[in-house]
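> Need a 3D model of the sequence below.
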Amino acid sequence: MGKSPAIVLYVVLMAAVVVGVDLLFFRNRFWERLMVNVGIVLVFAAFYLRFLKPS
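Okay, here's the model as predicted:
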């Protein structure tokens with residue numbers, strides 16, 4: 001798999017996790033939802049920079 005499709009798949013996976021957590025746990029809580037979403041994005045970004053970033 002090339003670099004571009006892998007990145008697109010990674011972003012789609014991140015979006016699916018964010019939406020899934022939103023719908024399951026934080027439906028009517030704005031600030032908690034925002035904080036958890038930012039945390040999820042930061043974890044995905046850290047994982048990308050640590051393991052998937054092109055050298």
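
> lowest average confidence, helix or strand, in this protein?
Lowest by mean pLDDT, DSSP states H and E among the helices and strands of the chain is helix 3-25, with a mean of 92.

> Would you mark the buried spots in that helix?
Within helix 3-25, the residues that count as buried by 16 or more other CB atoms under 10 Å are 14, 18. All C-beta spots, glycine's among them, are computed from the backbone N, C-alpha and C.

> Quick one: name whatever helix or strand follows that helix.
Per DSSP states H and E, the first helix or strand lying C-terminal to helix 3-25 is helix 30-47.

> Output that following helix as PDB, restricted to C-alpha atoms.
This file holds the C-alpha atoms of helix 30-47, laid out as PDB (Å, rounded to 0.1, in the frame of the first residue of the first chain):
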ATOM      1  CA  PHE A  30     -20.300  19.600  24.800                       C
ATOM      2  CA  TRP A  31     -17.200  20.300  26.800                       C
ATOM      3  CA  GLU A  32     -16.400  16.700  27.700                       C
ATOM      4  CA  ARG A  33     -16.900  15.700  24.100                       C
ATOM      5  CA  LEU A  34     -14.600  18.500  22.900                       C
ATOM      6  CA  MET A  35     -11.900  17.500  25.400                       C
ATOM      7  CA  VAL A  36     -12.100  13.800  24.500                       C
ATOM      8  CA  ASN A  37     -12.000  14.500  20.800                       C
ATOM      9  CA  VAL A  38      -8.900  16.700  21.200                       C
ATOM     10  CA  GLY A  39      -7.300  13.900  23.200                       C
ATOM     11  CA  ILE A  40      -8.100  11.300  20.600                       C
ATOM     12  CA  VAL A  41      -6.600  13.400  17.800                       C
ATOM     13  CA  LEU A  42      -3.500  14.100  19.900                       C
ATOM     14  CA  VAL A  43      -3.000  10.300  20.500                       C
ATOM     15  CA  PHE A  44      -3.400   9.600  16.800                       C
ATOM     16  CA  ALA A  45      -1.000  12.400  16.000                       C
ATOM     17  CA  ALA A  46       1.600  11.100  18.500                       C
ATOM     18  CA  PHE A  47       1.300   7.600  17.100                       C
END
